[in-house]
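Student: pasted the sequence and its predicted model underneath.
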Amino acid sequence: MTQPLDATIAARNDRLIIVYNADQGWVSALMDAAHKIVRPATYACSLCMISYGAVSMRRPWRRYLASLPMEIDFYHRQDFADSYAASSFPMVDGLSLPAILVEAGGKLHVLLSSQELGGLADVEDLIKAVDQALKRFTKQFAADSSL
């Protein structure tokens, strides 16, 4: 696993926002599980495919998220749209899901796009990608904040 993130990130980043391209609820979860097994190539949420097994979050991903020194919020597409309206957060208008975002300074910033997530092979790649993106974002956010 990668090195733990510096605790100063938590001071700069309010929260990590993980948005799945899936619906919430048990019925949707059961249908998604079946879809991932029967026709994985047509499943719409690459983040779900990588971070979840048939029914639960993969252990390495769960441990990695628990090690981060920041708050983490999980959303399905509808509750994300309800919580982050485009009228208040213009960048969500047209945002392709799934996505991993950072909410910092009262704004949302894309950490990993749908396209980037779609290019990852497994949970280890996901962890590395999130870790690298958080480090890049922290440097950029610190540089922008010092202006």
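Tutor: Yes, it's here. Numbering: from 1, shown residues only.

Student: biggest helix in this protein by residues?
Tutor: helix 123-145 (DSSP state H).

Student: by contact count, what packs against that one?
Tutor: helix 8-12, helix 46-51, helix 59-67, strand 99-104, strand 107-112, helix 114-118 (3 or more CB pairs under 8 Å, 6 or more residues apart in numbering; DSSP states H and E). In this view, the C-beta of every residue, glycine as well, is placed from N, C-alpha and C.

Student: can you tell me which of these has the worst average pLDDT?
Tutor: Mean pLDDT is lowest for helix 8-12 out of the helices and strands packed on helix 123-145, coming in at a mean of 46.

Student: specify the angle between the helix or strand following that one and helix 123-145 in degrees.
Tutor: Beyond helix 8-12 on the C-terminal side, the first helix or strand identified by DSSP states H and E is strand 15-20. Orientation check (axes from the mean of the first three to the mean of the last three CA atoms, to 10 degrees): strand 15-20 against helix 123-145 gives 140 degrees.

Student: adjacent strands (with direction) for strand 15-20?
Tutor: Here strand 15-20 is paired, per DSSP bridges, with strand 71-76 (parallel), strand 99-104 (antiparallel).

Student: may I have it exported as PDB, CA atoms only?
Tutor: Taking C-alpha atoms only, strand 15-20 is exported to PDB below (Å, rounded to 0.1, in the frame of the first residue of the first chain):
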ATOM      1  CA  ARG A  15     -14.000  16.100   2.300                       C
ATOM      2  CA  LEU A  16     -13.600  13.400  -0.300                       C
ATOM      3  CA  ILE A  17     -16.800  12.900  -2.300                       C
ATOM      4  CA  ILE A  18     -17.200   9.500  -3.900                       C
ATOM      5  CA  VAL A  19     -20.100   9.300  -6.400                       C
ATOM      6  CA  TYR A  20     -21.300   6.100  -7.900                       C
END
